[in-house]
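# Quick one, structure for this:
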Amino acid sequence: MQKVRVVEKDNYDYILEGTKKEIYKINIEFYDVTVDVGDYIYLDDKVLEEVNQYAYGPIIDKNNVEDLIKIVKDNDEIYLQRYYG
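Now for the predicted structure:
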């Protein structure tokens with residue numbers, strides 16, 4: 001997983017900056033969580049490289065934990081599961 005920081009947000013479009021200053025543009029819809037500029041997201045490299053629309057929300061299937069991301073917001077860690085994308 002790669003740590004990226006939200007540097008810009010417009011509805012579901014996020015501009016993310018990696019640790020080596022690389023820039024990614026991704027479309028993600030979050031359910032039950034608000035992700036703001038300055039928050040950190042830990043994403044799989046495949047998600048950052050693919051052009052797709054994604055949706056993540058609370059974990060509903062504890063047997064399928066391979067498509068998780070982590071949000072770090074105000075020193076809180078929030079784990080979300082991929083719903084589609």
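
# Under the pLDDT cut-off, which ranges of the chain? List them.
Scanning the chain for pLDDT under 70 picks out 64-65.

# residue with max distance from the center of it?
residue 63 (20.5 Å; C-alpha atoms, centre = their mean).

# Report the secondary structure state of that one.
Recorded secondary structure, residue 63: coil (DSSP: H, G, I helix; E, B strand; the rest coil).

# How much space separates it from residue 81?
Separation of residue 63 from residue 81 (C-beta to C-beta, to the nearest Å): 11 Å. Where you see a C-beta, it was placed from the backbone N, CA and C, and this is true even at glycine.

# sorry, back to before: so who does the residue farthest from the centre of the chain touch?
The contact partners of residue 63, taken as C-beta atoms under 8 Å, 6 or more residues apart in numbering, number zero.

# For residue 61, grab the count of nearby residues.
9 (other C-beta atoms under 10 Å).

# My read is that it contacts residue 81, right?
Yes: with contact defined as C-beta atoms under 8 Å, residue 61 counts as touching residue 81 (6.7 Å).
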